[in-house]
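In: Structure here, sequence nowhere to be found:
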């Protein structure tokens, strides 16, 4: 049995490895599959898939096209992962651009708040420092550290722009339910990412999961870097209670997250490959359902056209 990692990032968003480097590293780590789930973008998927094909190795990892969508829920950043997403669909690219535009609007507001508080950072400076990427809070943290305005990344997230911190600005008008529906619309399997990171009460987490399950949420991330066995057991119970698939990943960002490695997290993470077949099967069912809807719509249009012409 070879492990999988269904939550990773590349330089397409806020990771430090190129997609090609990520796939080659997944091979060296012996992973059966790796999902590239960059924030609000699929820009690196073509390169990642090409890298797997070029390896021509019997044990080359399966590259799963994915995305991690950032949304707002009760003032918190809630993330929804989409696995096996139809990343080539131009309409999906347009939707992602809407998410990216909302992120830019949020980032500009955080820049203004930080600057007013004495931490001078403009969005233009961030773009210059991190070109051709989706700018996240991790980039804010790196910029502030490199310019001597804070002593550590930890300080940035604990005092400045972490959830519930004074200069954090939540995403506007994008809800977890929106993200779940979007992922489903384009054939992906929606997964609630790292649910314990949101620091909700048990009742609060169950309320979130219940509401998203009603919208079509199919899975929950029960294996995650830093989770203890008791955490995983707790989340498995929630998955069972709501009939959700289990997923897991390291949230690998390369050098940006110190001591967090691909596949193994902080050293104890192990996501069994047994989680993948049910997720893949769910994707296949969604694809068939989408195709059936398209065919039905085409039939209805074909039957309606002659009647329309006769009325002309």
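Out: Yes, it's here. Since the structure is predicted, the reported quantities are computational estimates derived from the model, not experimental observations.
In: who's in contact with residue 130?
Out: Contacts for residue 130 were tallied using C-beta atoms under 8 Å, 6 or more residues apart in numbering; they are 139, 142-143. Using the backbone N, CA and C atoms, a C-beta is placed for each residue, glycine as well.
In: Kindly recompute the last result at 7 Å.
Out: residue 139 (C-beta atoms under 7 Å, 6 or more residues apart in numbering).
In: Could you check how far it is from residue 259?
Out: 22 Å (C-beta to C-beta, to the nearest Å).
In: How about the secondary structure of residue 72?
Out: Secondary structure, DSSP: H, G, I helix; E, B strand; the rest coil: residue 72 is strand.
In: Now for it, how many residues are close by?
Out: Residue 72 sits with 19 neighbouring residues when counted by other C-beta atoms under 10 Å.
In: Please apply the same query to the one 4 residues further on.
Out: Neighbourhood size, residue 76 [other C-beta under 10 Å]: 19.
In: same check, this time on residue 145
Out: By the measure other C-beta under 10 Å, the count of residues near residue 145 is 16.
In: how far does the host helix or strand of it sit from the chain's center?
Out: Assigned by DSSP states H and E, residue 145 falls within helix 137-146. Its chain's C-alpha centre and that of helix 137-146 lie 20 Å apart, by C-alpha atoms, centre = their mean, to the nearest Å.
In: Next, the buried residues of that helix.
Out: Burial within helix 137-146, assessed by neighbour count using 16 or more other C-beta atoms under 10 Å, is assigned to 137-145.
In: tell me the contacts of the residue positioned nearest the centre of the chain?
Out: In the chain, the centroid-proximal residue (C-alpha atoms, centre = their mean) is residue 68; its distance is 1.4 Å. Taking C-beta under 7 Å, 6+ apart, we find residue 68 in contact with 37-39, 79, 81, 193.
In: let's see 8 Å
Out: Shown in contact with residue 68 (C-beta under 8 Å, 6+ apart): 7, 9, 13, 37-40, 79-82, 193.
In: In a markdown table, list the residues you listed along with pLDDT, secondary structure and distance to residue 265.
Out: Below are the contacts of residue 68 laid out as a markdown table (pLDDT from 0 to 100; DSSP: H, G, I helix; E, B strand; the rest coil; distance: C-beta to C-beta, whole Å):
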| residue | pLDDT | secondary structure | distance to residue 265 |
| --- | --- | --- | --- |
| 7 | 98 | strand | 10 |
| 9 | 97 | coil | 14 |
| 13 | 90 | coil | 19 |
| 37 | 98 | coil | 15 |
| 38 | 96 | coil | 18 |
| 39 | 92 | strand | 19 |
| 40 | 90 | coil | 23 |
| 79 | 96 | strand | 17 |
| 80 | 97 | strand | 20 |
| 81 | 98 | strand | 16 |
| 82 | 98 | strand | 21 |
| 193 | 98 | coil | 14 |
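In: Pipe those residues into CSV and attach distance to residue 99 and neighbour count per row.
Out: Shown next, in CSV, are the contacts of residue 68 (distance: C-beta to C-beta, whole Å; neighbours: other C-beta atoms under 10 Å):
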residue, distance to residue 99, neighbour count
7, 18, 27
9, 16, 29
13, 12, 23
37, 14, 30
38, 12, 25
39, 9, 23
40, 4, 24
79, 12, 22
80, 11, 26
81, 13, 27
82, 11, 29
193, 15, 24
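In: And stretch 158-178, end to end?
Out: End-to-end distance of stretch 158-178: 28 Å, with C-alpha to C-alpha, to the nearest Å as the criterion.
In: Could you tell me the average pLDDT over that stretch, please?
Out: The average of the pLDDT scores along stretch 158-178 is 88.
In: And for stretch 138-149?
Out: For stretch 138-149, mean pLDDT rounds to 94.
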